[in-house]
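Q: coords please:
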Amino acid sequence: MSAPPLGRTVVAEFLGTFLLIFFGCGAVHAAVLTGAQSGLWQVAIVWGVAIMLAIYAVGAVSGAHINPAVTIASAVWRGFPTSRVAPYIGAQLAGAFVAAAVLFVLFEPHIAAKEAAKGVVRGQPGSEMTAMCYGEYYPAPGSLGDGDGPYSSEEHAKLRVRMSQGRAFVAEVIGTMILVFVIFAVTDTRNGGVPAPGTAAVFIGLTVSALISVIAPLTQACFNPARDFGPRVFASLAGWGSIALPGFSDLGWLTVYIIAPIVGAVLGGGLYDVAIRPAHKKEFVN
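A: Model prediction:
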């Protein structure tokens with residue numbers, strides 16, 4: 001069967017990534033700004049459900065990569081056409097950007113109220129506590145918004161020393177490596193241990209939820225360059241400026257949230273295809 005036309009797959013990737021970011025970052029908005037979630041697991045499971053829904057909604061058309069790192073790993077290891085890599089990534093970034101814009105429209109009064117309560121100005125130091133609804137930071141600055149007191153630059157400085165850029169890079173590489181290893185495993189037609197037909201999305205979503213539960217306190221758990229960069233660019237245009245996108249003054253947004261997930265995805269895909277897949281000698285029919 002021939003592949004769907006590129007235009008339809010690009011639309012599918014846009015919509016799938018929109019769903020992922022709307023629900024996932026929407027849960028972050030609700031947790032940070034309203035206290036709606038109780039504990040990290042509730043946010044993590046929403047991300048997992050968001051991935052499941054996106055895969056079920058568009059997977060039959062585009063494969064539901066909804067992640068530039070997955071697209072690149074698929075091109076490296078699974079024969080995904082290189083001519084489709086750039087259009088897929090463009091659609092994923094656009095879907096993430098638009099979802100962030102929609103969330104901003106819905107939550108902006110709550111963002112302003114949070115900033116006023118904490119005595120911070122959007123775009124100035126301390127506004128990371130609201131910018132984290134869009135782009136990601138290491139370590140996760142959520143504790144800056146805890147309690148009723150104002151933002152403290154001293155506490156922020158103490159928080160920053162807990163996670164170096166190098167350690168954050170390693171965390172994102174490992175998290176994405178595990179994710180793509182599982183994706184390749186549960187979608188491998190040779191693998192006799194795959195879950196029941198139609199349920200791979202559930203296990204991919206649960207893998208993301210489990211990874212978020214471990215890594216989110218360290219880096220906010222990206223594993224997806226579109227998830228970070230699309231909303232980060234929107235936030236930079238919506239008033240956070242260099243707090244959201246610091247440019248060359250702090251390259252963590254590039255090394256930790258773009259390069260590390262790509263490296264991890266290629267390593268994870270390679271680990272499965274080199275170490276595990278050859279053990280499955282022939283096509284498995286489930």
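
Q: what sits against Gly16?
A: Listed by Cβ atoms under 8 Å, 6 or more residues apart in numbering, the contact partners of Gly16 are Ala54, Ile55, Ala57, Val58, Gly59, Ser62, Ala64, Ile66, Gly95. To be clear about C-beta, it is placed using only N, CA and C from the backbone, and glycine gets the same treatment.

Q: report the buried members of these.
A: For the contacts of Gly16, burial is judged from neighbour counts taken by 16 or more other Cβ atoms under 10 Å, and it is met by Ala54, Ile55, Ala57, Val58, Gly59, Ser62, Ala64, Ile66, Gly95.

Q: quick check, nearest of the residues you listed to Gly135?
A: Distances from Gly135 to the buried ones among the contacts of Gly16, taken as Cβ to Cβ, are shortest for Gly95 (15.9 Å).

Q: Ala12 is in contact with that closest one, correct?
A: No - under the criterion of Cβ atoms under 8 Å, Gly95 makes no contact with Ala12, lying 9.9 Å away.

Q: tell me where the stretch 151-286 of the chain is predicted with low confidence.
A: For the stretch 151-286 of the chain, residues meeting the criterion pLDDT under 70 lie at 283-286.

Q: quick one: the strands in the stretch 1-150 of the chain?
A: Assigned by DSSP state E, counting those that start in this stretch, the strands in the stretch 1-150 of the chain number zero.

Q: low-confidence ranges in it?
A: For the stretch 1-150 of the chain, the stretches flagged by pLDDT under 70 are 1, 142-148.

Q: helices along that one, start to end?
A: Per DSSP state H, counting those that start in this stretch, the stretch 1-150 of the chain has helices spanning 6-34, 40-62, 68-77, 85-118, 128-131. These are given in chain order.

Q: what's the closest of those to Leu159?
A: If you check each of the helices of the stretch 1-150 of the chain against Leu159 by Cβ to Cβ, helix 128-131 wins as the nearest, at 9.7 Å.

Q: could you point out which element follows that closest one?
A: Once helix 128-131 ends, the next helix or strand along the chain (criterion: DSSP states H and E) is helix 153-160.

Q: give the buried residues for that following helix.
A: Judged by neighbour count (16+ other Cβ under 10 Å), helix 153-160 contains these buried residues: His156, Leu159.

Q: helices or strands next to the helix or strand following it in the packing?
A: The C-terminal neighbour of helix 153-160 among helices and strands, as given by DSSP H and E, is helix 165-186. In terms of contact count using 3 or more Cβ pairs under 8 Å, 6 or more residues apart in numbering; DSSP states H and E, helix 165-186 is assigned the packing partners helix 68-77, helix 200-219, helix 260-271.

Q: who wins for proximity to Phe229 among these?
A: Distances from Phe229 to each of the helices and strands packed on helix 165-186 were compared by Cβ to Cβ, and the smallest falls on helix 68-77, at 8.6 Å.

Q: just the angle for that closest one relative to helix 165-186, thanks.
A: For helix 68-77 against helix 165-186, the angle by axes from the mean of the first three to the mean of the last three Cα atoms, to 10 degrees is 60 degrees.

Q: okay, angle between helix 68-77 and helix 200-219 too, please.
A: Between helix 68-77 and helix 200-219, the angle comes out at 120 degrees (the same axes, to 10 degrees).

Q: I'm done for today, thanks for sticking with me.
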